[in-house]
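Asker: What shape does this take:
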Amino acid sequence: MKKKNLFLAKKPEDSALNQYWFSEQTIEFLVDHIESIYQNGQKIAFLSTPSIYCSLKNQEVKQNSSLFEFDMKLNKEKGFVFYDFNKPIEGLEQFKNSFDIILIDPPFITEEVWSKYAQTINYIRKEDAKILCCSIKENAKMLQNLINVVPQQYKPSIPHLIYQYDFYCNYNHEMLQKVNEEIGF
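Answerer: So this is what the prediction gives:
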């Protein structure tokens, strides 16, 4: 019998914070993907993606990761960094040009919010950082302009969200070229 994801079991979604979690299968997919692209000693930033950070299996990956998050209920996580997208680089000086991999799932999909996340991403990323994020397909052009990412075949399942998101990234990987059988496209 498959074990239930502990994060999903312990942390309910909070609509006041616009938190809608990926499905258990999508969380597992993202954890496997992040752990597969990680290379020795790389630093990973999880921006507003606590369900993935908290579900990491590889302890070396987790030790080299930081969770940038507004929800103070998660501040007991070892890699927790308080993050308010309305102040995109405030308090992040120690992270300038630090991260090799960045995973992002903002609570809102507007250009205003994505522009603030882009400021953070461009501040904390290394020049050749791998960026993976999700948003609606209507944001494809905006995301390409802001952070140079393009849509991927694999789409996340977010059960309590009323619209379908796409994944976007700035690198090629075979895992992202597959169909998510959970949603059928």
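
Asker: Give me the pLDDT for residue 18.
Answerer: Residue 18 is assigned a predicted lDDT (pLDDT) of 88.

Asker: residue contacts, the closest residue to it other than its chain neighbours?
Answerer: Of all residues not flanking residue 18 in the chain, residue 107 sits nearest, at 3.8 Å (C-beta to C-beta, 6 or more residues apart in numbering). From N, CA and C alone the C-beta is placed, and that goes for glycine too. Residue 107 sits next to 17, 18, 19, 48, 70, 85, 113 when contact means C-beta atoms under 8 Å, 6 or more residues apart in numbering.

Asker: Tell me which two of those sit farthest apart.
Answerer: Spanning the widest gap among the contacts of residue 107 are 19 and 113, at 14.5 Å by C-beta to C-beta.

Asker: which one of those two has more residues nearby?
Answerer: Taking neighbours as other C-beta atoms under 10 Å, residue 19 and residue 113 compare with residue 19 leading, 18 against 15.

Asker: from memory that one sits against residue 13, does it?
Answerer: Yes - at 4.9 Å, residue 19 counts as touching residue 13 under the criterion of C-beta atoms under 8 Å.
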